[in-house]
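Q: Output the structure for:
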Amino acid sequence: MSESPALADVSMAALSGIAAVERDTGISKDTLRIWERRYGFPAPARDALGERVYPAEQVQRLRLLKRLLDAGHRPGRVVPASAEALDALLQQPAGRSGNTAAAGVPLPALEPFLNLLRAHDVEGLRRLLSQAVLRMGLGSCVLDLIAPLTTQIGEMWMRGELQVFEEHIYSESLQLVLRQSVQAIPRLALSETPRVLLTTLPGEQHGLGLLMVEAMLTLQGCQCLSLGVQTPLEELPRAAAAHRSDIVALSFSGYLSAKAVQQGLDSLRARLAPEVALWAGGRAAALRRRSGVAGVQYMAELSAVAQEVARWRAEHP
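A: Next comes the predicted model:
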């Protein structure tokens, strides 16, 4: 099979296969094919084997579409929309000004961290993050700096203002600093209960939210065990039993679809022992009204962790 004419002026190294696009954007292969037939977008080229390949600008648009879908917009409205219309929709949430980050934090407060990231100064970024933890305290730093900074960096990556490797630099640096900070909490400060098992469902690759939740739980004296990301569903009941967990806590970044979140929570709730609580945080909380699952405690904000731990302890004296 000859190479598609659409590829004539494009380096094959600059094109992504459909599996890579699925991983990068969180949009399933089936959905990509349906949109292609129904809306004419994406419009992949074909490689020498006849497989779909996608240029970088289409992948970038798909990331923006995923963000809008997570915010509740319908595919029929956003997939065929013009670039100008998408930009207008992206500016609607939160009514923020151009000088304010996603969580209401002034951008100038985040600029030193962003500048170090743009300069690829890994040691400088880690040092500044560590200094912020020492200066503000772990809890305040997570709520007032790290959470909005992480949101801002995620949005910059979605808009193509940061490269994938730069987002990875930030993620690895933050994980190192947070892990060291959590481990530095005196063990004597930990209570016996609740014992919390933390992870994400298969397909949810982002673990920064999970680590931030672990930090907030540990500050409340919880005994935490993190399994990292993408633990198979069938393993979680066994892990919870082995850890003698009182709570299984899951973090969602928006990578999974609303349907996948609902099905995953429903399946896990049915597998866990009735006495084990199931908590879902992050984007899952935003989907609660449309796809809430009975027996799941949703937390939309990190600031709710302390209240929920206190409530659990009151119910389990």
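Q: which element follows the least confident helix or strand in the chain by mean pLDDT toward the C-terminus?
A: Counting by mean pLDDT, DSSP states H and E, the weakest-scoring helix or strand in the chain turns out to be helix 288-291, with a mean of 57. The first helix or strand that comes after helix 288-291 along the chain, using DSSP states H and E, is strand 296-299.
Q: now that following strand, how far from the centre of its chain.
A: The chain centroid and the centroid of strand 296-299 are separated by 17 Å under CA atoms, centre = their mean, to the nearest Å.
Q: who does that strand touch, helix- and strand-wise?
A: Packing partners of strand 296-299 (3 or more CB pairs under 8 Å, 6 or more residues apart in numbering; DSSP states H and E): strand 277-282, helix 283-286, helix 305-315. Where you see a C-beta, it was placed from the backbone N, CA and C, and this is true even at glycine.
Q: Low-confidence ranges, the stretch 201-317 of the chain, go.
A: The stretch 201-317 of the chain contains residues with pLDDT under 70 at 254, 284-292.
Q: where's the residue lying closest to residue 265 once chain neighbours are set aside relative to residue 282, distance?
A: Of all residues not flanking residue 265 in the chain, residue 293 sits nearest, at 4.4 Å (CB to CB, 6 or more residues apart in numbering). Distance, residue 293 to residue 282, by CB to CB, to the nearest Å: 15 Å.
Q: of the two, who's got more company?
A: Set residue 293 next to residue 282 and count neighbours by other CB atoms under 10 Å: residue 282 wins out with 26 against 21.
Q: Could you check how many residues crowd around the closest residue in space to the more buried one that isn't next to it in sequence?
A: Leaving aside its chain neighbours, residue 282 sits nearest to residue 252 (4.2 Å; criterion: CB to CB, 6+ apart). Applying other CB under 10 Å, we find 26 residues neighbouring residue 252.
Q: Residue 252 contacts residue 200, correct?
A: Yes - at 7.3 Å, residue 252 and residue 200 qualify as touching, with contact defined as CB atoms under 8 Å.
Q: Show me where the protein has its strands.
A: Remark: strands assigned in the chain by DSSP state E are 15-17, 45-46, 52-55, 195-199, 223-226, 247-252, 277-282, 296-299.
Q: tell me the most buried of the ones you listed?
A: A comparison of the strands of the chain by mean neighbour count, using mean count of other CB atoms under 10 Å, puts strand 247-252 on top with a mean of 25.
Q: Could you check how far that strand is from the centre of its chain?
A: How far strand 247-252 lies from its chain's middle: 13 Å, per CA atoms, centre = their mean.
Q: Parallel or antiparallel, list what pairs with it.
A: Strand 247-252 has its sheet partners listed here by DSSP bridges as strand 195-199 (parallel), strand 277-282 (parallel).
Q: Using PDB, list the CA coordinates for the first one.
A: Extracted as PDB, the C-alpha positions of strand 195-199 are listed here (Å, rounded to 0.1, in the frame of the first residue of the first chain):
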ATOM      1  CA  ARG A 195      -6.900   2.800  57.800                       C
ATOM      2  CA  VAL A 196      -7.100   4.000  54.200                       C
ATOM      3  CA  LEU A 197      -6.100   2.200  51.000                       C
ATOM      4  CA  LEU A 198      -5.400   4.600  48.100                       C
ATOM      5  CA  THR A 199      -5.300   4.000  44.400                       C
END
